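Visitor: how would this look folded up:
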Amino acid sequence: MNAGLRGTGSDPHPTRELLSRWWSDHTDYTWLPRFLDARGLTVPGRKLVAVWCFLFALIAVTMQLSRFGSDTALARSIFALGTISGAYAGYRWARNESWPTWRQSVAFVVWADLWLAVTLFFAVRTAFVGTIGCILFIMIGFYAAIVHSPRVAITHIGWALAVCTALAAMAMSEPVNDNWVVLNLYLMVAGVVFSTAWILQIVWLRLTDDARNAHRDYLTATLNRRGLQDEAQHLLRSDRTQALIALLIDVDSFKILNDTHGHVAGDDALTAVADRLIAAAGPDAVVARIGGDEFVVLRGVDRQEIEQVATEIHSAVSSDSDPYPVSASTGVSVYLSPETDLPDRAVNELIEHADNAMYRAKKRGGDRIAWVQMFRR
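Guide: Next comes the predicted model:
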């Protein structure tokens, strides 16, 4: 878990720190699809990208109807293939309901950059008009900046500037153009293409940081109650061939630990427990801190491995290497259902059942697991 989310101080150089993180950020690509899916925005987002694909194809077609359109058979053939592929990309974006994978998304950015460059070089008759058309790289930059990491965004910007520079140089070699006009046009277009994508990437990094932090517990960097609800909805929509288990984990005698050794020791114990729960639960699980010493773990699991997985997660709480070792009372509830779509209340019911089981474990002395009857719909 990202330890950078924890801490109490503020960076004396926030701009430098933000730029450093911007360059080193690898971006969790799965975060945006989960965010859109939880809010029902996946389909509208895909349709918006589809509209831009169709718009790019329309611009290319209408350009051919002007006196600046391509004038050779080869150029027209290249243009026709590019336009058809643009329309097909728009169709694919509009048709599917899930967000593309990382590889599919990167392939889309590469295709869009190549398609626009080929169109600007071959589908227009003059390099001057092609230089003006470089402004369309902004829309690809919007997508790359919002969806992908800084390295993808920078690669796109570099490609766009290279294409724009080449077209401007070609325009300057055309005797009908005023070189100073071409230079000024180039500086304006290149400046807008570069600054728009770069600034949007920085702003988006800040916004997504704020959005993620609003869903996370400041001390442990696990999800909070709000984040738990959002991530749980995504989990409900995932592979339902597996059982869904919920663990309510309460650290035993935590108040005594705080009173005896101080709040710093208590905070250290909670962060250590959180880290071990995240590691034990796995990357596809949802881990949240919902109270002072209470954690929730949600995970899909193969039905024959339910008991093993729950035991491993419960056992991860304790570690002899801790300065003040702790144990936990854990309640486990299991949802077995053949349904592909579970009601939103299913997670709340699971947690409620696990909470009741946890109290039974605590009444029996703690440091144990209590189960509820597996329930079906």
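
Visitor: For residue 43, give its distance to residue 231.
Guide: 20 Å (C-beta to C-beta, to the nearest Å). Yep, even glycine has a C-beta here, placed from its N, CA and C like the rest.

Visitor: More neighbours: these two, which one.
Guide: residue 231 (21 against 15; other C-beta atoms under 10 Å).

Visitor: Could you find the closest non-adjacent residue to the more buried one?
Guide: Excluding the flanking residues, the one nearest residue 231 by C-beta to C-beta, 6 or more residues apart in numbering is residue 286, at 4.6 Å.

Visitor: Go ahead and confirm that neighbour touches residue 232.
Guide: Yes. Taking C-beta atoms under 8 Å as the definition, residue 286 is a contact partner of residue 232 at 6.0 Å.

Visitor: shared neighbours of the two, anything?
Guide: residue 298 (C-beta atoms under 8 Å, 6 or more residues apart in numbering).

Visitor: which stretches of the stretch 51-200 of the chain have low pLDDT?
Guide: The stretch 51-200 of the chain contains residues with pLDDT under 70 at 69-70.

Visitor: the helices in it, which residues?
Guide: 73-95, 102-122, 127-133, 137-147, 150-172, 179-214 (DSSP state H, counting those that start in this stretch).

Visitor: I'd like to know which of those helices is closest to residue 314.
Guide: Among those, helix 179-214 comes nearest to residue 314, with 27.5 Å by C-beta to C-beta.

Visitor: If you count contacts, what does the helix or strand just after that closest one end up packed against?
Guide: Following helix 179-214 in sequence order, the next helix or strand is helix 225-236 (DSSP states H and E). Applying 3 or more C-beta pairs under 8 Å, 6 or more residues apart in numbering; DSSP states H and E, one finds that helix 225-236 contacts helix 31-38, strand 286-289, strand 294-301, helix 345-363.

Visitor: Please identify the buried residues of helix 225-236?
Guide: By neighbour count with 16 or more other C-beta atoms under 10 Å, helix 225-236 contains the buried residues 227, 228, 229, 230, 231, 232, 233, 234, 235, 236.

Visitor: Quick check: the second one touching residue 288?
Guide: Yes. Contact between residue 228 and residue 288 holds when scored by C-beta under 8 Å: they sit 3.9 Å apart.

Visitor: what is in contact with those two at once?
Guide: By C-beta under 8 Å, 6+ apart, the residues touching both residue 228 and residue 288 are residue 296.

Visitor: now the helices of the stretch 51-200 of the chain in TSV, with distance to residue 294 and mean neighbour count?
Guide: Shown next, in TSV, are these (distance: least, C-beta to C-beta, whole Å; neighbours: other C-beta atoms under 10 Å):
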stretch	distance to residue 294	mean neighbour count
helix 73-95	42	16
helix 102-122	34	18
helix 127-133	58	22
helix 137-147	35	22
helix 150-172	37	19
helix 179-214	20	16
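
Visitor: any chance of these in a markdown table, with distance to residue 362 too?
Guide: Below are the helices of the stretch 51-200 of the chain laid out as a markdown table (distance: least, C-beta to C-beta, whole Å):
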| stretch | distance to residue 362 |
| --- | --- |
| helix 73-95 | 51 |
| helix 102-122 | 43 |
| helix 127-133 | 68 |
| helix 137-147 | 45 |
| helix 150-172 | 47 |
| helix 179-214 | 31 |
